[in-house]
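Enquirer: pasting the structure only:
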Ligand SMILES: Cc1cc2nc3c(=O)[nH]c(=O)nc-3n(C[C@H](O)[C@H](O)[C@H](O)COP(=O)(O)O)c2cc1C
């Protein structure tokens, strides 16, 4: 049985994936369960023209073996070219490439990606076929049950037809119109498992709030999204003590600050090579409705996209910075990383006595010592 931390934009960055992995290794002793993770998704059009701005979406470490990089977009050329580029440059350290076919965000839909890809079956199939033939890494898809709650059968059959090209399909058991809440159609996922070859793994996603929810159905794995934000032990049967929670909060906060420091030092603000600029001009022409012609299109996909290769940190490097943070980070200034950290923190403390008061006092804290004082005080009152 495979358990999955869902890809979540703004959440499943390297520090959080590492925290979830470490908690899993410590508290899940089941030999039958492994944990896999995904990156936050990345826009393929953007990656083609400005890789330095987007590639941070898939920053990963040497210790991540079970990691899938997710991309989204609409244009076949850019999705295929991005997949080929990732496969070529990072194929030896990631486990797969995935296309997002379910995001309901207006921003993603507006560029034709995410759930919008469900609208044109033939076009989608051509993209999936071409990518699967062009890369060495396994290809996977993350999909929804359909756009609306009415007849889902045609989409179901379309998906069945895509399975020969994929190593795995994750089904979020909600329609596009349901967003991220509402009842999850577990029967759809079960019927899908029964309808397709075992060569294609089928993962169920949606509405899981407890470790015990990940049992019972005959599917290949379960994926957890919202319930895993700030609750890394959801993939284990372990109920955390206040001390466990405190330790994880501290480890996560320090790792996140170390990661922000590493990024600032290593990811360039500007980078543009001639090939990138060339692609930008072509994309601009296409957006304006210009016909760039078959030859040029061929040129785009054949072109070596850009020489940019994202530098990746090792886990030892990040741990070293996290363990000696005072040598690297000025604690007296405000940190955007701490603002980011709050969204996890509120979930780490949810349900504990007086957590609402702590939440209120943390709401405007961006400074390390102040945040630390509040958290230490809160947990010392519990012991
Ligand atoms: C904040 C947030 C960001 C998300 N970002 C992504 C994403 O980048 N790619 C993706 O495939 N799904 C994304 N999702 C959807 C989740 O992966 C998951 O399918 C959804 O939350 C349903 O699972 P759940 O009921 O366990 O939360 C996101 C969801 C949330 C709440």
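Expert: Structure received. What you are looking at is a predicted structure, and each value in this text was computed from that prediction instead of being measured.

Enquirer: For residue 5, list each beta-bridge partner.
Expert: For residue 5, the beta-bridge assignment (DSSP bridges) gives partners residue 37, residue 224.

Enquirer: residues contacting it?
Expert: 12, 17, 20, 35-38, 223-224, 228, 235 (C-beta atoms under 8 Å, 6 or more residues apart in numbering). Every C-beta, even on glycine, is put in place using the N, C-alpha and C of the backbone.

Enquirer: Derive a ChimeraX selection command for the buried subset of those.
Expert: If you want just the buried ones from those in ChimeraX, going by 16 or more other C-beta atoms under 10 Å, the selection is:
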select :12,17,20,35,36,37,38,223,224,228,235
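
Enquirer: out of the contacts of residue 5, who's near the ligand?
Expert: Restricting the contacts of residue 5 to those adjacent to the ligand (criterion: C-beta under 6 Å from any ligand atom) gives residue 224.

Enquirer: how about CSV for the contacts of residue 5, with distance to residue 322 and pLDDT added?
Expert: Conversion of the contacts of residue 5 to CSV gives the following (distance: C-beta to C-beta, whole Å; pLDDT from 0 to 100):
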residue, distance to residue 322, pLDDT
12, 18, 96
17, 15, 97
20, 16, 97
35, 21, 96
36, 24, 96
37, 19, 97
38, 23, 95
223, 28, 97
224, 25, 97
228, 21, 95
235, 22, 96
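
Enquirer: For the ligand, give me its nearest residue in the stretch 251-383 of the chain.
Expert: Of all residues in the stretch 251-383 of the chain, residue 343 sits closest to the ligand, at 8.8 Å by C-beta to the nearest ligand atom.

Enquirer: who's in contact with the particular helix or strand that has that residue in it?
Expert: Residue 343 belongs to helix 336-349 when assigned by DSSP states H and E. Where contact means C-beta under 8 Å, 6+ apart, the residues beyond helix 336-349 that reach it are 10-11, 16, 229-231, 245, 248-249, 252-253, 256-257, 259-260, 355, 358-359, 362-363, 365-368, 371, 375, 378.

Enquirer: ok, now with 6 Å
Expert: 229-231, 245, 249, 253, 256-257, 260, 355, 359, 366, 371 (C-beta atoms under 6 Å, 6 or more residues apart in numbering).

Enquirer: Could you measure from residue 34 over to residue 235?
Expert: From residue 34 across to residue 235, the span is 10 Å (C-beta to C-beta, to the nearest Å).

Enquirer: I'd like the next helix or strand past the helix or strand of the chain with the lowest mean pLDDT.
Expert: Here the helix or strand of the chain ranked lowest by mean pLDDT, DSSP states H and E is helix 293-302, holding a mean of 46. Moving toward the C-terminus from helix 293-302, the first helix or strand encountered (DSSP H and E) is helix 315-323.

Enquirer: Enumerate the positions of that next one that are buried.
Expert: Within helix 315-323, the residues that count as buried by 16+ other C-beta under 10 Å are 315, 318-319, 321-322.

Enquirer: Farthest-apart pair in the residues you listed, please.
Expert: Spanning the widest gap among those are 315 and 321, at 10.9 Å by C-beta to C-beta.

Enquirer: before we move on, the earlier item: of the buried residues of helix 315-323, which are in range of the ligand?
Expert: Counting by C-beta under 6 Å from any ligand atom, the subset of the buried residues of helix 315-323 that neighbours the ligand is empty.

Enquirer: Closest to residue 86 out of those?
Expert: Using C-beta to C-beta, the shortest approach to residue 86 within the buried residues of helix 315-323 belongs to residue 315, at 20.9 Å.

Enquirer: residues in contact with that closest one?
Expert: For residue 315, the residues meeting the contact criterion (C-beta under 6 Å, 6+ apart) are 61, 63.

Enquirer: how near is it to residue 126?
Expert: To residue 126, residue 315 is 39 Å away according to C-beta to C-beta.

Enquirer: What is the neighbour count of the residue in the stretch 201-350 of the chain positioned nearest to the ligand?
Expert: Among residues of the stretch 201-350 of the chain, the one nearest the ligand by C-beta to the nearest ligand atom turns out to be residue 225. It sits 2.7 Å away. Other residues within reach of residue 225, judged by other C-beta atoms under 10 Å, total 19.
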